[in-house]
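1. Predicted model, plus sequence, below.
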Amino acid sequence: MEISIRRQQPRHLKPHPENESALGFGDIYTDHIFKMDHFDGSWRNPRIEPFGPLILSPAAMVLHYSQTIFEGLKCYRHPDGRLALFRPRENFKRFNSSAARMAIPLLDEEFALRALKELLKIDGGWTPSLPGSSLYIRPSIIATEEHLGVRPAREYLFFIMLGPVGPYYPEGFAPVRIYVEDSYSRAAPGGLGNVKAGASYASSLLATEMASRKGYTQLLWLDSVSHKFVEEVGSMNMFFVIDETVLTAPLTGTILPGITRASVLTVARDLGLKAEERALSIDEVLEAQKNGRLKECFGSGTAAVISPVGRLCYRDEVFQIGDGGIGEITRKLYDELVGIQYGLIPDERGWVEILD
């Protein structure tokens, strides 16, 4: 399919942020957006047009039955000025996995990546150069059909939007405080825990807000059946370092298969570390903390890359992780991943795609 392009006229182009150190996350958007419609059984009309509001009927099915999915990836500016993507095919592969679970028509993954690259040819100049900053990429699909009966929609909109961002957490690469949630649940077996659907995140907002009021950056979710085994932390996968072994929960259907998570496991093993995916109870974590075997904790995800954890609070008792600072293994993994993403160290695994 050919992609039609309608550019903004020069007088309508938005000014680029002058202070990259004050970008924040998710508040600024570039001049253009990619869109494509699904109707009559196929994806049609791929186009790049000026960024602006969507026109939706109040009866659009996304507004009633939450049939919507999204992805998150980044474009990085390398020291030589070139732009690069980090494992983008894995994102579109996961996007289709989410679509299948939500009864949304699948995309041609290679075409979706091509569309993204065409959009970046136009708005890639928005990519900041300050270390830790990037151009965030948000592909999404929403159900647009006007219908109030409960069934999968027959019409959809796929779009890709861009925006320059700084660190996801204001703390940057610094230890955060995590509250262990043992009342509310994030995901149940057979549910949407392994899907990047809007509904997955909506169900987490209340408990997260309650933790924020107590002074915590994020929640560590426990499994919904026994409230015993650790799962994700906020919108990230969670890792623990116990006895020099890097541990994370297995992908059993309630955990999002993070691209950064998979990259952390690969890099850890390449660095000669032992890395395991296994069920880990909160009791085991706290016992390891008490006897000095729990060395480090960190979350991993596209937005923050790696976020070290300095303290956990469980049932109103606060536990310090290690010395409360950034652990040696956490820093090694962060430096390796960020170095690859920003072109500071060689990419020996073929993870980076340089844009023409």
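-> Yes, it's here. Numbering: from 1, shown residues only.

2. Is there a neighbour count for residue 283? I'd like the number.
-> Residue 283 sits with 11 neighbouring residues when counted by other CB atoms under 10 Å. All C-beta atoms are positioned from the backbone trio N, CA, C, and that covers glycine.

3. wait, it sits on residue 228?
-> Yes - the pair residue 283 and residue 228 passes the contact test of CB atoms under 8 Å, sitting 7.2 Å apart.

4. residue boundaries of the strands in the stretch 201-350 of the chain?
-> Counting by DSSP state E, counting those that start in this stretch, the segments of the stretch 201-350 of the chain that form strands are 218-222, 230-233, 236-242, 245-248, 274-277, 294-301, 305-314, 317-320.

5. So which of the ones you listed is nearest residue 353?
-> Closest approach to residue 353 among the strands of the stretch 201-350 of the chain is made by strand 305-314 (17.6 Å; CB to CB).

6. Paired strands for that closest one, with orientation please.
-> strand 176-181 (parallel), strand 294-301 (antiparallel), strand 317-320 (antiparallel) (DSSP bridges).

7. got the CA positions of the first one in PDB?
-> These are the backbone C-alpha positions of strand 176-181, laid out as PDB (Å, rounded to 0.1, in the frame of the first residue of the first chain):
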ATOM      1  CA  VAL A 176      12.600   4.800  44.000                       C
ATOM      2  CA  ARG A 177      10.200   3.700  46.800                       C
ATOM      3  CA  ILE A 178       7.800   0.900  46.000                       C
ATOM      4  CA  TYR A 179       4.600  -0.100  47.900                       C
ATOM      5  CA  VAL A 180       3.700  -3.800  47.800                       C
ATOM      6  CA  GLU A 181       0.000  -4.100  47.100                       C
END
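
8. hang on, isn't residue 309 packed against residue 299?
-> Yes - proximity of residue 309 to residue 299 meets the contact threshold set by CB under 8 Å, at 6.8 Å.

9. list residues touching both of these two?
-> When CB atoms under 8 Å, 6 or more residues apart in numbering defines a contact, the residues bordering residue 309 and residue 299 alike are residue 233.

10. Only the buried residues of the helix or strand where residue 136 lies, if you could.
-> Using DSSP states H and E, residue 136 sits within strand 134-143. Of the residues in strand 134-143, those buried by neighbour count under the rule 16 or more other CB atoms under 10 Å are 134-143.

11. Stretch 154-173 too?
-> Result for stretch 154-173 [16+ other CB under 10 Å]: buried residues 155-169, 173.

12. do stretch 249-259 as well
-> By neighbour count on 16+ other CB under 10 Å, the buried set for stretch 249-259 is 249, 251, 254-256, 258-259.

13. Outside of that stretch itself, list whatever touches it.
-> Around stretch 249-259, the neighbours that count as contacts under CB under 8 Å, 6+ apart are 73, 86-87, 90-91, 94, 97, 186-191, 193-196, 223-224, 229-232, 236-238, 277-280, 300-302.

14. Which strand residues bridge residue 299?
-> According to DSSP bridges, the residues that bridge with residue 299 are residue 238, residue 307.

15. now the helices for the stretch 151-300 of the chain?
-> Secondary structure of the stretch 151-300 of the chain, counting by DSSP state H, counting those that start in this stretch: helices at 198-202, 205-213, 259-270, 282-290.

16. Not counting sequence-adjacent ones, nearest residue to residue 217?
-> The shortest distance from residue 217 to any residue other than its chain neighbours is 3.9 Å, reached at residue 176 (CB to CB, 6 or more residues apart in numbering).

17. picking up where we left off before, quick one: strands adjacent to the strand holding residue 136?
-> Here strand 134-143 has these sheet partners by DSSP bridges: strand 68-70 (antiparallel), strand 73-77 (antiparallel), strand 156-165 (antiparallel).

18. From the chain's centroid, how far away is it?
-> In terms of CA atoms, centre = their mean, to the nearest Å, the centre of strand 134-143 is found 10 Å from the chain centre.

19. Could the C-alpha coordinates of it be exported in PDB?
-> Taking C-alpha atoms only, strand 134-143 is exported to PDB below (Å, rounded to 0.1, in the frame of the first residue of the first chain):
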ATOM      1  CA  SER A 134      14.300  10.500  23.300                       C
ATOM      2  CA  LEU A 135      11.400  10.600  20.900                       C
ATOM      3  CA  TYR A 136       8.600   8.400  22.400                       C
ATOM      4  CA  ILE A 137       6.500   6.500  19.900                       C
ATOM      5  CA  ARG A 138       3.000   5.400  20.700                       C
ATOM      6  CA  PRO A 139       1.200   3.100  18.200                       C
ATOM      7  CA  SER A 140      -2.400   2.500  19.100                       C
ATOM      8  CA  ILE A 141      -5.600   0.900  17.800                       C
ATOM      9  CA  ILE A 142      -9.100   1.900  18.800                       C
ATOM     10  CA  ALA A 143     -12.500   0.500  17.900                       C
END
